[in-house]
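Peer 1: Turn this into a model:
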Amino acid sequence: MREKHKILKDTPFQLEHVVDCFTDVWKNDQFINLLKCLESSSLALSSIKRIHLQLTNKEHQKRRRFADILQKSTVCFVRVRHLETIFDVHVELPSQQIITISDLSELRDRACLLEHSSNVNKRNVSEAESERDKEILRNFIRLTSIVESTIEVLTNLYMAGHPSVSEFLADQIKFSCNNGFYIELVQHSKMLTNLFSDWEKKLCVMYETHISLTYFSDDQFWQIEDYIYHRSSFSHPGYHLLKFIGIDPNHIQQLSKKPQTPEDRLENLGRILSREKQTFILQENLKIKKCLLVETMNDGVLRAIL
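Peer 2: Residues are numbered from 1 along each chain as shown. From the prediction side, this is the model:
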């Protein structure tokens, strides 16, 4: 069979070759019931053709979807309220259809399969067209990877308490993907990665300097800051967060001018919490009644009792 396969591969395909292969198969005892299998398969030939056509159509639809997204689409990131998901992506097509990260990941998996499957390399197309199709698949895989990494960095920034995350969402910024190019999205992803790296270093330094900050994460920093500067009702989350670490919110002096940069805001908040925490500890120490222990002898104890 291997010799026959080699001969077929190196010579033009002819019907006689197929007949010769079947003739050799009939002589092999291992395939003695092959004719019965062919007869049963022939009864289901129409169904097999229909399934093959459906799968082929789906493959064409997927390829068309890859090309549409790369050709002209708009990418933006949004905040969601799911328990396990904080951020998502909306890839908007001219047809008003919106593709989310779950859809994008599923399409990426399909693209990976198509890139490495025989369907890519053995389709009845020219070599140039085959290479063009494979490049579309690779480009789509790169796009999805960049979107996934951007969502991951946005999540990390939010979890680390960076206050400017909302500035990078759909209401503020969108990215275009035209003719397979998405340079602004790539640059944006790199910028967020560097931003998170710098913020993480700053946060570690502030945690070491101002221990009170270690009690909080996410947007809790800025809930406390908002209460300190605006002094709303007792139902404000910042009020209860201050009470949680033993600080009386009513003793904090209301401030008017807030620092501008996230790093300065975090450092300013750390100083306020450290100062108020130290004041609270001193006040609590004053409430403690002192008990003096003096060494004496038995006679001295009796005289003290008398």
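Peer 1: Give the residue spans of this protein that score low on pLDDT.
Peer 2: Residue ranges of the chain with pLDDT under 70: 1-14, 45-59, 82-85, 118-125, 278-306.
Peer 1: what ranges do the strands span in it?
Peer 2: Using DSSP state E, the strands of the chain run over 72-79, 87-92, 98-99, 175-178.
Peer 1: same for the third one, what does it pack against?
Peer 2: In terms of contacts (3 or more CB pairs under 8 Å, 6 or more residues apart in numbering; DSSP states H and E), strand 98-99 is packed against strand 87-92. (C-beta placed from N, C-alpha, C; glycine too.)
Peer 1: Which one, of the strands of the chain, ends up nearest to Lys134?
Peer 2: Closest to Lys134 of these, according to CB to CB: strand 175-178, at 18.9 Å.
Peer 1: List just the one of the strands of the chain that sits closest to Ile245.
Peer 2: Closest of the strands of the chain to Ile245 is strand 72-79, at 27.5 Å (criterion: CB to CB).
Peer 1: neighbours around the nearest residue to Gln172 once chain neighbours are set aside, how many?
Peer 2: Computed as CB to CB, 6 or more residues apart in numbering, the closest residue to Gln172 that is not its neighbour in sequence is Ser166, at 7.2 Å. Residues lying near Ser166 (other CB atoms under 10 Å) number 12.
Peer 1: I'd like the strands of the chain written out as JSON lines, with mean neighbour count and distance to Pro237 added.
Peer 2: Below are the strands of the chain laid out as JSON lines (neighbours: other CB atoms under 10 Å; distance: least, CB to CB, whole Å):
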{"stretch": "strand 72-79", "mean neighbour count": "18", "distance to Pro237": "18"}
{"stretch": "strand 87-92", "mean neighbour count": "20", "distance to Pro237": "21"}
{"stretch": "strand 98-99", "mean neighbour count": "16", "distance to Pro237": "32"}
{"stretch": "strand 175-178", "mean neighbour count": "16", "distance to Pro237": "33"}
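Peer 1: With distance to Tyr158 as added columns, please give these in CSV.
Peer 2: CSV is the format used below for the strands of the chain (distance: least, CB to CB, whole Å):
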stretch, distance to Tyr158
strand 72-79, 9
strand 87-92, 7
strand 98-99, 22
strand 175-178, 19
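Peer 1: Which of the ones you listed sits closest to Glu135?
Peer 2: Here strand 175-178 is closest among the strands of the chain (CB to CB), at 15.1 Å.
Peer 1: Contacts for that closest one next, please.
Peer 2: Outside of strand 175-178, the residues within contact range by CB atoms under 8 Å, 6 or more residues apart in numbering are 69-76, 91, 143, 182, 184-185, 188.
Peer 1: Mind doing that once more with 6 Å?
Peer 2: Lys72, Ser73, Thr74, Val75, Glu184, Leu185 (CB atoms under 6 Å, 6 or more residues apart in numbering).
Peer 1: Bridged to the closest residue to the fifth one other than its chain neighbours, which residues?
Peer 2: Closest residue to Glu184 apart from its sequence neighbours, by CB to CB, 6+ apart: Phe175 at 5.0 Å. Residues found in beta-bridge contact with Phe175 (criterion: DSSP bridges) are Val75.
Peer 1: list the contacts for Lys27?
Peer 2: Per CB under 6 Å, 6+ apart, neighbours of Lys27: none.
Peer 1: number of nearby residues for Phe66?
Peer 2: Look at Phe66: counted by other CB under 10 Å, it has 22 neighbours.
Peer 1: show me what contacts it?
Peer 2: The contact partners of Phe66, by CB under 6 Å, 6+ apart, come to Ile136, Phe140.
Peer 1: Take the contacts of strand 175-178 and write them to JSON lines, including distance to Phe87.
Peer 2: Converted to JSON lines, those look like this (distance: CB to CB, whole Å):
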{"residue": "Lys72", "distance to Phe87": "24"}
{"residue": "Ser73", "distance to Phe87": "18"}
{"residue": "Thr74", "distance to Phe87": "17"}
{"residue": "Val75", "distance to Phe87": "13"}
{"residue": "Glu184", "distance to Phe87": "18"}
{"residue": "Leu185", "distance to Phe87": "15"}
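Peer 1: which residues in the stretch 1-150 of the chain form helices?
Peer 2: 2-10, 15-26, 34-43, 45-71, 101-116, 118-121, 127-159 (DSSP state H, counting those that start in this stretch).
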